[in-house]
Structures are given as C-alpha cells and as structure tokens.
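Trainee: Quick one: sequence and predicted model below, then my questions.
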Amino acid sequence: MNKDELLDSIKGKLIISCQALPGEPLYDEERSLMPYMAMAAKRAGSPMIRTNSVRDVTGIREATGLPVIGLIKKAYEGYEAYITATMKEVDALAEAKAEVIALDLTNRKRGDGKSAAEYFREVRKKYPQQLFLADISNFEEGKTAMEAGVDFVSTTMSGYTAESPELDGPDYELVERLAKELSIPVFAEGRIHTPEEAEKMLELGAFAVIVGGAITRPLEIAERFMTVLGQTPMDGGREADG
C-alpha cells in the first residue's frame, strides 16, 4: 500500500489504538493480547491500528492484515520524550515493517542535546521512504515537524507537556488550527472519550481520529465510571494514550 492508498483508506475514519504496558491488566509478559483487541477493532471498521512495541506491531499485522502505526515507548535518562525517542527504536520499527512510525517531536529535553527537528532530519535521511507521524503538543511543534519533513502530525501529547494547556477533554482548538494552517494531514488524538467528540474533530478538519483509552483500556474505562459515581479508583494516574 503506497501513501496515497493509505490516505484514501483512513480519511475521515477512526483509527483505534491498541496498547498495553507493563503493569496494566491486559499486559502479559509471555504473549501479546493486543492482536485480539485489534481484531475487534477491525471488525468494528477501523482501517488502521496504532500500537506499541515490535511484538505488537508484528502480531497485529499478522492477525488483522491492517496497516499499523508503530511506536516504542522507552524511557531514557535525560530524555523527557519516551515515544520512539532514539534511532534504535526507529530501526526496530522499520525492520518490523510498520507502515507508519510515530515519534515524539515535542520540544521537550532530549539527552542527546538535539532539537526534535534535528533528530527527525537524521531519521528522515536514514529512512527517506518511510512514513512518519509526529506526536506533538502544540501548534509550533506541529509546524516545526511539518517543516522537518514528517508525513502527518497527531495531537497525542497535548495536555501532557508543560508547553500545552491542561484540559479535561480534547484539544479542539489545536486540531482546528493545525488543520487550517498545515499542509499535511492532521490526526486528532488525546482524551477523546465519546463518538460525539470524535465526530466534532472531523468537523473541525481532522484528517482522521485516533482513540485508544476510551475503547481498548478497560481499567481506564472502569475508573472513569467509578469517578463519576463517586467511587475512588484503586489505581490512579495515567499517561498519554499514544
């Protein structure tokens, strides 16, 4: 599938993120459960899956035949970014044949001293034909990522960096501005909890919408119900869906 075919298949659609990290109920050290989530997403109509780790990229592609946005979450000392933060993770995802590789291109501190744009230009030079998605948190980061040569941007990190607003819900304003002012597809992602919120994102100009926690993280879903009903969740705190 080339870039144009991929874009045609996902335009105006819901992309489902299927991820489970160590410590979460659906994470199993011995085997991946995410292909099952991805099969359910495919049956529901998702044309593409976003997922974390080589294991899940490979397993989901084999189980569903769907294109995959792949990433690797790994924390490094001196790095605030943790989504595909170094060339090592890019190499692994390229070898796993992820159709799109997502990476954090926020302006947060990098242990190698490079700016996000400098890091990505090195990545692009090594992989000129690979499709890349920049996870960003504000307009300036999105514009810089576009100028550095990414294929798509996603609002994954809005609300999770010091340079973005703290919001309980989706960042509609950011999606609308990016969609109006950037010349590349913009994916709406982050704290989208209802079909109505996803629909509004498309109305504001998002090329596609990515939803994870509201669909594929049962602990997060259950905690949201508990909070509304006045019950205190046993496990507190969560990170960006991306």
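Mentor: Structure received.
Trainee: hey, let's count contacts and neighbours off CA atoms from now on
Mentor: Noted.
Trainee: Check what pLDDT M1 gets.
Mentor: Here, the pLDDT recorded for M1 equals 85.
Trainee: can you check V100 too?
Mentor: So, for V100, pLDDT stands at 98.
Trainee: now swap in E239 and tell me
Mentor: 63.
Trainee: With A63 instead?
Mentor: For A63, the predicted pLDDT is 98.
Trainee: Not counting residues beside it along the chain, what's closest to it?
Mentor: Distances taken as Cα to Cα, 6 or more residues apart in numbering put P35 closest to A63, at 6.1 Å, once the chain neighbours are dropped.
Trainee: Just give me the neighbour total for L174.
Mentor: Here the number of neighbours of L174 (other Cα atoms under 10 Å) works out to 20.
Trainee: I figured it hits N138, correct?
Mentor: Yes. Under the criterion of Cα atoms under 8 Å, L174 makes contact with N138 at 6.7 Å.
Trainee: Now list whatever residues contact both of those two.
Mentor: T155 (Cα atoms under 8 Å, 6 or more residues apart in numbering).
Trainee: Poorly predicted segments of this protein, please.
Mentor: Low-confidence segments of the chain (pLDDT under 70): 233-239, 241-242.
Trainee: again, only using 80
Mentor: Residue ranges of the chain with pLDDT under 80: 232-242.
Trainee: thinking again about what came up before, next up, the contacts around the residue nearest to A63.
Mentor: D56, G59, I60, A63, T64.
Trainee: now, among these, which is nearest to V123?
Mentor: D56 (22.1 Å; Cα to Cα).
Trainee: looking at it, the closest one is touching R31, isn't it?
Mentor: No. Taking Cα under 8 Å as the definition, D56 is not a contact partner of R31, at 9.5 Å.
Trainee: Can you report how many residues lie near the closest residue to G159 other than its chain neighbours?
Mentor: Leaving out its chain neighbours, the residue that sits closest to G159 by Cα to Cα, 6+ apart is E166, at 4.8 Å. By other Cα under 10 Å, 12 other residues sit near E166.
Trainee: Number the residues from 38 up from this point.
Mentor: New numbering, starting at 38: the last item is E203.
Trainee: State the distance from E203 to Y113.
Mentor: Shown here: E203 relative to Y113, a distance of 25 Å by Cα to Cα, to the nearest Å.
Trainee: sorry, back to before: how about JSON lines for the contacts of P72, with distance to V190, neighbour count and secondary structure added?
Mentor: Converted to JSON lines, the contacts of P72 look like this (distance: Cα to Cα, whole Å; neighbours: other Cα atoms under 10 Å; DSSP: H, G, I helix; E, B strand; the rest coil):
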{"residue": "D93", "distance to V190": "22", "neighbour count": "26", "secondary structure": "helix"}
{"residue": "G96", "distance to V190": "25", "neighbour count": "19", "secondary structure": "helix"}
{"residue": "I97", "distance to V190": "23", "neighbour count": "26", "secondary structure": "helix"}
{"residue": "A100", "distance to V190": "27", "neighbour count": "13", "secondary structure": "helix"}
{"residue": "T101", "distance to V190": "25", "neighbour count": "19", "secondary structure": "helix"}
